[in-house]
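S.K.: Only the shape, not the letters, is given here:
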């Protein structure tokens, strides 16, 4: 596996931690650095066990963490770890059980409830020629797979309000005012969802309405298929402008994405489920 600065989690100076509290403190500092100095990470609790090069258990509880727009810290560029060609030693290890929880954390104003538990996660301790220490995540092999499950839940109303805010900001940057935006999600089964968005837009003296819709389905072979992707407008001028992108939308409708093929050989997704109600809940199982 070819490593880069972004593959590595910096852990300060060598030698590697020999106790759980030392590893936990270094990981907490790395998280704070990654999120930037403007994010308060005191709510995050990290506990770890260390057994030689292995980590029998690692738990991160991010309940109460609030992330808005992370800003790089002043030291971040100098703590990104060991670049290729500067690694003095790599020592393989395994995280027997990795647990991430947040009940909830807040991301850009949206409460996100997370529980992720993975088993047999491979990694390497990387010691740099300059005496720095980092952890490098390693792709799992087919004969040593990572197993576990992930559940992510967000309140539907608050997620859609965040989407409206982001869309309005993006449109404003282009000189377009979104005077109204209604977004609706409809469950079409445990692996299918339809999205319909109605917007009223204004640019200068021109006002118009537009509707966008799409359906996404994941089949039993974990192939994602978009369908019914379209954008329409009751305004003849806007409709004519939209005709330019309809060919692109037709291309998207024909596209199929094999989700299983995008994963390393050692990660085999056995089930994906998306439930849409008062909460939007994504559940993934790896066998």
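M.R.: Thanks, I have the structure now. In this text, all values refer to a predicted model and were calculated from it rather than measured experimentally. Residues are numbered from 1 along each chain as shown.
S.K.: which regions of the stretch 1-150 of the chain lie under the pLDDT threshold?
M.R.: 1-7, 69-85 (pLDDT under 70).
S.K.: all helices of it, in order?
M.R.: 20-35 (DSSP state H, counting those that start in this stretch).
S.K.: all strands of it, in order?
M.R.: 8-13, 45-48, 55-61, 66-67, 87-107, 110-128, 132-137, 147-155 (DSSP state E, counting those that start in this stretch).
S.K.: Let's have these in JSON lines, adding mean neighbour count.
M.R.: Using the backbone N, CA and C atoms, a C-beta is placed for each residue, glycine as well. Supplementary listing: these in JSON lines, determined by neighbours: other C-beta atoms under 10 Å:
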{"stretch": "strand 8-13", "mean neighbour count": "20"}
{"stretch": "strand 45-48", "mean neighbour count": "18"}
{"stretch": "strand 55-61", "mean neighbour count": "18"}
{"stretch": "strand 66-67", "mean neighbour count": "17"}
{"stretch": "strand 87-107", "mean neighbour count": "17"}
{"stretch": "strand 110-128", "mean neighbour count": "18"}
{"stretch": "strand 132-137", "mean neighbour count": "21"}
{"stretch": "strand 147-155", "mean neighbour count": "17"}
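S.K.: Same list (these) but as TSV, adding distance to residue 278.
M.R.: Output for the strands of the stretch 1-150 of the chain, formatted as TSV (distance: least, C-beta to C-beta, whole Å):
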stretch	distance to residue 278
strand 8-13	36
strand 45-48	28
strand 55-61	25
strand 66-67	22
strand 87-107	14
strand 110-128	13
strand 132-137	35
strand 147-155	7
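S.K.: do you know which of those strands lies nearest residue 35?
M.R.: Taking C-beta to C-beta, strand 66-67 is the member of those nearest to residue 35, at 6.3 Å.
S.K.: Show me what the closest one pairs with in its sheet, parallel or antiparallel.
M.R.: For strand 66-67, the pairing partners within the sheet under DSSP bridges are strand 87-107 (parallel).
S.K.: Now do the strand it pairs with: everything it contacts.
M.R.: Residues outside strand 87-107 that contact it (C-beta atoms under 8 Å, 6 or more residues apart in numbering) are 3, 16, 52-67, 111-129, 136, 138, 148.
S.K.: Ok, stretch 118-126 next?
M.R.: With C-beta under 8 Å, 6+ apart, stretch 118-126 has contacts from 3, 8, 16, 53, 81-82, 87, 89-98, 133-141, 144-148, 266, 286.
S.K.: next one: it to chain centre, how far?
M.R.: Centroid separation between stretch 118-126 and its chain, computed with C-alpha atoms, centre = their mean, to the nearest Å, is 19 Å.
S.K.: swap in stretch 148-164?
M.R.: 12 Å.
S.K.: now do the same end-to-end measure for it.
M.R.: 34 Å (C-alpha to C-alpha, to the nearest Å).
S.K.: again, but for stretch 36-51
M.R.: 31 Å.
S.K.: residue contacts, residue 14?
M.R.: 127-128, 131-133.
S.K.: would you turn those residues into a markdown table with distance to residue 168?
M.R.: Below are those laid out as a markdown table (distance: C-beta to C-beta, whole Å):
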| residue | distance to residue 168 |
| --- | --- |
| 127 | 48 |
| 128 | 45 |
| 131 | 49 |
| 132 | 43 |
| 133 | 44 |
